[in-house]
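> Coordinates for the following, if possible.
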Amino acid sequence: MKYLTIALAKGRVAKKTMDLLAEIGITCDEVNDKETRKLIFSNEELKLKFFLAKADDVPTYVEYGAADIGIVGKDTLLENGRKLYEVIDLNMAKCRMCVAGPASARELLASGKVIRVASKYPNIARNYFHNVRHQTAEIIKLHGSVELAPIVGLSDVIVDIVETGSTLKENGLEVIEEICPCTARMVVNQVSMKMEQERIRDIIGKLKGILS
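Down below sits the predicted model:
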């Protein structure tokens, strides 16, 4: 039997996923070992391999078949637009993708005038403004704290993930519109779904059982 490989987005998602998998009898203690330098971890008994990757890279590993299964946030899937099967909403790592800015930006949004938007998620921002709001927007991609952009005058609003909204509030910003809710999802490589259908469907079925 060949190994099934699972790519996990580093950090909170990986930890919560391993806790969830443990509930259906899939364990790998090494994944949670903060001291280890290993890159790939395995459960020999179940013929499973695991590796941790940056969230942005997980859909790429899955699409190209380097991983059969991936666990990553919906925000990353929307931004990357990779060809893969999204099979389960794991209902964890909950947050919202939002348009945020100073209260004064509400008027600009309502006016339909050209707006300048800063975001770590340029594809999501572009799609929302062009295809949902039908508003002309100049999209500026940033990698760091996007909250800074409207404060220093780089942009009118931002498109970003919001969990509690406290960071926005501390910086005099607020949520103006919600684009979509985001949670962690399980995705599967298209070829793996055909070749390893029985094993993958077994994992999906057991996870759905505990999630419901």
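> Tally up the residues packed near the nearest residue to residue 121 once chain neighbours are set aside, please.
In space, and not counting its chain neighbours, residue 121 is closest to residue 79: 4.9 Å by Cβ to Cβ, 6 or more residues apart in numbering. No exception for glycine: its C-beta is placed from N, CA and C like everyone else's. Counted with other Cβ atoms under 10 Å, residues neighbouring residue 79 total 21.
> Looks like residue 79 contacts residue 125 (just checking).
No. With contact defined as Cβ atoms under 8 Å, residue 79 does not reach residue 125; the gap is 9.4 Å.
> Surely residue 18 is within a helix?
Yes. Assessed with DSSP: H, G, I helix; E, B strand; the rest coil, residue 18 lies in a helix.
> mind checking how far it is from residue 6?
Using Cβ to Cβ, to the nearest Å, residue 18 is found at 10 Å from residue 6.
> Between the two, which has more neighbouring residues?
Taking neighbours as other Cβ under 10 Å, residue 18 and residue 6 compare with residue 6 leading, 27 against 19.
> Let me know the secondary structure of the more buried one.
strand.
> which residues sit in contact with the nearest residue in space to residue 41 that is not next to it in sequence?
The shortest distance from residue 41 to any residue other than its chain neighbours is 4.3 Å, reached at residue 30 (Cβ to Cβ, 6+ apart). Residue 30 is in contact with 36, 38, 41, counting by Cβ atoms under 8 Å, 6 or more residues apart in numbering.
> tell me the domain boundaries of the chain?
4-93+183-211, 95-182 (automatic domain parsing).
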